[in-house]
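Student: Just to be clear, the model below is a prediction. Sequence and coordinates:
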Amino acid sequence: MSPDNPTVLVVDDDPAIRRGVSRLARSAGFNVKSFASPVTFLRYALPTTPTCVLLDMCMDELSGLEVQKALAQTDRQVPVVFLSGRGTIPTATASIKQGAEEFLEKPFHPKNLIEAIRRAVEHDRSRAADRSDLEAHRQRYQSLTPREQEVMALVVEGLLNKQSAAELGISEKTIKVHRARVMEKMGVESLAELVRLAQRLGITRASEARADARTDA
């Protein structure tokens, strides 16, 4: 099996379920690693390739919901598909509210499980692409000079060139030059694109002020 193939992580304290689910996932072309202990699983370094977790809801050490909450606090947000033999509407609802991809009751149809895995893996693949794109734009932002970052923060807040110039104590012509350089370096062609990008990066005048305070300190 190629190391670049999507990975399915099976977390279930029932050995029969682990074997059956692992065999099924492998037959569909996925890399598989299984865990009898949710505590051991949470110590595992999650793959960087597209991944999903098949998680039992009821386990002795930790519940599936507790494992899901722990995963949500990590940098690597992996999609979760719950498998439960004692599922209830409240637990299913809670898992979905916390971001679960799917909630399947045991016994489940093999086709339904494979379809759920594929949806989860594609979701993870899409999120990975978004993370990569965001990181590329974050690096672009870091390439801006401090003055260009100031101008960008003012522009995306909606200030006109004249207002930005007054705010920074420089000429309107200089603002226009900085603004053009910001657009070029950030790889955008319109103000709307720049505003949306700034929102994704969390760039505001307040964030710039905090950055300046850290620099001064």
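Tutor: On my side now, so go ahead.

Student: Please name the residues that touch the residue in the chain sticking out farthest from the centre.
Tutor: Relative to the centre of the chain, the most outlying C-alpha is that of residue 171, 40.9 Å out, by C-alpha atoms, centre = their mean. Shown in contact with residue 171 (C-beta atoms under 8 Å, 6 or more residues apart in numbering): residue 165. From N, CA and C alone the C-beta is placed, and that goes for glycine too.

Student: average pLDDT for the longest helix seen in the chain?
Tutor: With DSSP state H applied, the helix covering the greatest number of residues in the chain is identified as helix 110-142. Across helix 110-142, pLDDT averages out at 90.

Student: Distance from the chain centre to it, please.
Tutor: Relative to its parent chain, helix 110-142 has a centroid offset of 7 Å by C-alpha atoms, centre = their mean, to the nearest Å.

Student: That helix packs against which elements?
Tutor: In terms of contacts (3 or more C-beta pairs under 8 Å, 6 or more residues apart in numbering; DSSP states H and E), helix 110-142 is packed against helix 15-27, strand 51-56, strand 80-84, strand 102-105, helix 172-186, helix 191-201.

Student: Let me know which of these is the nearest to residue 72.
Tutor: Comparison of the helices and strands packed on helix 110-142 against residue 72 by C-beta to C-beta identifies strand 80-84 as nearest, at 9.1 Å.

Student: so after the longest helix of the chain, what's the next helix or strand?
Tutor: Going down the chain from helix 110-142, the next helix or strand is helix 146-157, by DSSP states H and E.

Student: Now the element after that next one, going C-ward?
Tutor: On the C-terminal side of helix 146-157, the closest following helix or strand by DSSP H and E is helix 161-168.

Student: now the angle from that next one to helix 172-186?
Tutor: With axes from the mean of the first three to the mean of the last three C-alpha atoms, to 10 degrees as the criterion, the two stretches helix 161-168 and helix 172-186 enclose an angle of 100 degrees.

Student: And helix 161-168, what does it pack against?
Tutor: The contact analysis (3+ C-beta pairs under 8 Å, 6+ apart) places helix 161-168 against helix 146-157, helix 172-186.

Student: Look at the closest residue to residue 24 other than its chain neighbours and say how many residues are nearby.
Tutor: Here the nearest residue to residue 24 in space, its sequence neighbours aside, is residue 110; by C-beta to C-beta, 6 or more residues apart in numbering that works out to 5.5 Å. Counted with other C-beta atoms under 10 Å, residues neighbouring residue 110 total 14.

Student: So which of the helices and strands packed on helix 161-168 has the densest surroundings on average?
Tutor: With neighbours defined by mean count of other C-beta atoms under 10 Å, none of the helices and strands packed on helix 161-168 is more surrounded on average than helix 146-157, at a mean of 20.

Student: Touching that helix from outside, list them.
Tutor: Residues contacting helix 146-157 (C-beta under 8 Å, 6+ apart): 141, 144, 163-164, 167-168, 175, 178-179, 181-182, 185-186, 191, 194-195, 198-199, 203-205, 207-208, 211.
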